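Asks: Build me a structure from this.
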Amino acid sequence: MSVIEIADLADPRLADFSHQTDVALKKTGGGLYIAESALVLERALRAGHRPRSVLALGGTVDEAIALVGDDVPIFSGPGELLAELTGYLLHRGLIASMDRPPLPDAADLLASAKRVVVLENVADPTNVGAIFRSVAAIGADAVLVTPRCSDPFYRRAIRVSMGTVLQVPWTRVGDWTSTRQLLAASGFHVAALALTDDAVDLRAFAAAAPDRVAIVLGAEGDGLTDEAIAAADTVVSIPMAHGIDSLNVAATAAVAMWALAD
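Replies: Presented below is the predicted three-dimensional model:
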């Protein structure tokens, strides 16, 4: 298929990109997400995800063709026109509309995992993306997210993660009763990062860490819920200096994963 120069922003073929919110995209057909930049698109394709169409600035058209070939429509136009269409500047040159893959079964993800991260109610997609980037680099085998956690397939989360949300296996889990049962049945020791009176120093916990550990991280500001703490086998804290009581949740994820990395 040849590159299509955009002549009319009302062209129905551009609907995936026309001021679409992440929530609206999720409800389109079987669900869509936006892959932003050639790097993220490449990682999405490597993960087996299927593109519907690509929107590319003139200078990135050849790169888009090299990635998706002739079977996927590539729409192109000047930056001002594409910004008018999408509602934002294409700083990274191209975006792609992707079909959302079905989420895997949590038990299947845990079967061969040793280090997993559980995100409880982390609301900011920037933090979700930063967590994925850190734990992907350090070696998490899977990420589990609770029902009220921001969607890792949101455009900002994918962008901040540099596409690692497309590389680290993840899925959603239910309430803490079922999640605790799932983790216990898979042989995981649940370590909740929280500030409680009986919290164990992360360094001491890491020195004799169980073979399989699920690190639980909570919402910005409020931290973990009482249910999450009650579901933990151990509450763990990161020692602080200068009167600081806690780190940003993304920094906490990186520190905890580094301490527990094999």
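Asks: which residues in the stretch 51-200 of the chain form strands?
Replies: Secondary structure of the stretch 51-200 of the chain by DSSP state E, counting those that start in this stretch: the strands cover 51-56, 74-76, 94-99, 115-119, 142-145, 170-172, 189-193, 200-201.
Asks: Surely Ile4 touches Gly77?
Replies: No. Using Cβ atoms under 8 Å, Ile4 is not in contact with Gly77, being 9.3 Å away. C-beta coordinates here come from the backbone N, C-alpha and C atoms, glycine included.
Asks: Those two - which one has more neighbours?
Replies: The residue with more neighbours, out of Ile4 and Gly77, is Gly77; 20 against 15, by other Cβ atoms under 10 Å.
Asks: Look up phi and psi at the closest residue to that one other than its chain neighbours.
Replies: Among residues not flanking Gly77 along the chain, Ile6 sits closest, at 3.9 Å (Cβ to Cβ, 6 or more residues apart in numbering). For Ile6, the backbone dihedrals (degrees, to the nearest 10) come out as phi -70, psi 120.
Asks: Could you report the distance from Ile6 to Leu14?
Replies: Distance of Ile6 to Leu14, computed by Cβ to Cβ, to the nearest Å: 7 Å.
Asks: Overlap of the contact sets of the two?
Replies: Phe75, Leu85 (Cβ atoms under 8 Å, 6 or more residues apart in numbering).
Asks: hmm, back to that, ok, now which ones touch the residue nearest to Gly77?
Replies: Contacts of Ile6 by Cβ under 8 Å, 6+ apart are Leu14, Phe75, Ser76, Gly77, Leu81, Leu82, Leu85.
Asks: Closest one of those residues to Val255?
Replies: Distance to Val255 across these (Cβ to Cβ) is lowest for Leu82, with 39.2 Å.
Asks: Now the closest one: closest residue in space, sequence neighbours ignored.
Replies: What sits nearest to Leu82 in space, not counting adjacent residues and going by Cβ to Cβ, 6+ apart, is Leu90, at 5.5 Å.
Asks: just to revisit the earlier point, which of the contacts of Ile6 are buried?
Replies: Buried by 16 or more other Cβ atoms under 10 Å: Leu14, Phe75, Ser76, Gly77, Leu82, Leu85, out of those.
Asks: check contacts around the second one.
Replies: Read that as Phe75. Taking Cβ under 8 Å, 6+ apart, we find Phe75 in contact with Val3, Ile4, Glu5, Ile6, Arg13, Leu14, Phe17, Ser53, Val54, Leu55, Ala56.
Asks: For Ala47, state which of those residues is nearest.
Replies: Closest to Ala47, out of all of the contacts of Phe75 and judged by Cβ to Cβ, is Val54, at 16.6 Å.
Asks: residue nearest the centroid of this protein?
Replies: Of all residues in the chain, the one closest to the mean position by Cα atoms, centre = their mean is Pro152, 3.3 Å from it.
Asks: Next one, pLDDT for the spatially closest residue to it that is not a sequence neighbour please.
Replies: Counting by Cβ to Cβ, 6+ apart, Pro152 lies nearest to Val165, which is 4.3 Å off, once chain neighbours are set aside. The model reports Val165 with a pLDDT of 97.
Asks: Next, work out how far apart Val165 and Leu195 are.
Replies: To Leu195, Val165 is 28 Å away according to Cβ to Cβ.
Asks: So between the two, which is more surrounded?
Replies: Between Val165 and Leu195, counting by other Cβ under 10 Å, Val165 is the more crowded of the two (29 against 13).
Asks: Now do the contacts for the more buried one.
Replies: Val165 sits next to Val128, Gly129, Phe132, Pro152, Phe153, Ala157, Ile158 when contact means Cβ under 8 Å, 6+ apart.
Asks: Trp258 and Ile138 touch, don't they?
Replies: Yes. In this structure, Trp258 is within contact of Ile138 by Cβ under 8 Å, at 5.5 Å.
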